[in-house]
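Visitor: Predicted model and sequence follow; I will ask about them next.
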Amino acid sequence: MRKLNEEEAKLIITKPIGRVSRFRVEAINLKVGEYLLIEKKEWDWKSATPSVMCRRVEKRSALRFDCKRMLDDTGWLIKRIK
């Protein structure tokens, strides 16, 4: 065990307790104005796109996202707006 200062603690990506996907952890830890690129090969949900997960996170928190599909259909670009 060791103590951390505030700068070191901010560099560690954390997740809530319980079952959460890596995408949800990454989305929650985005700062306002930051982007997250999700490639199709990284997304394994067959019945839903990342925008579905964005809406679920928005319902449970005060976070807001702008989810767009890339023009060449290789993935999704997500921006945290609030």
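Guide: Good, I have the coordinates. Numbers count the residues shown, from 1 in each chain.

Visitor: And the residue nearest the centre of this structure?
Guide: Centroid-nearest residue in the chain: Ala27, 1.6 Å away (criterion: C-alpha atoms, centre = their mean).

Visitor: Show the contacting residues for it.
Guide: Residues in contact with Ala27 (C-beta atoms under 8 Å, 6 or more residues apart in numbering) are Leu36, Met53, Cys54, Val57, Leu63, Phe65, Ile78, Arg80. Every residue, glycine included, has its C-beta placed from N, CA and C.

Visitor: Please identify which two of these are farthest apart in space.
Guide: The most widely separated members of these, counting by C-beta to C-beta, are Met53 and Arg80 (13.3 Å).

Visitor: Now name the helix or strand holding Val25.
Guide: Assessed by DSSP states H and E, Val25 sits inside helix 22-28.

Visitor: need the strands for this structure, in chain order.
Guide: 35-39, 65-69, 75-80 (DSSP state E).

Visitor: need those in CSV with distance to Phe23, mean pLDDT and mean neighbour count, can you?
Guide: Shown next, in CSV, are the strands of the chain (distance: least, C-beta to C-beta, whole Å; pLDDT from 0 to 100; neighbours: other C-beta atoms under 10 Å):
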stretch, distance to Phe23, mean pLDDT, mean neighbour count
strand 35-39, 7, 93, 14
strand 65-69, 11, 94, 16
strand 75-80, 9, 94, 18
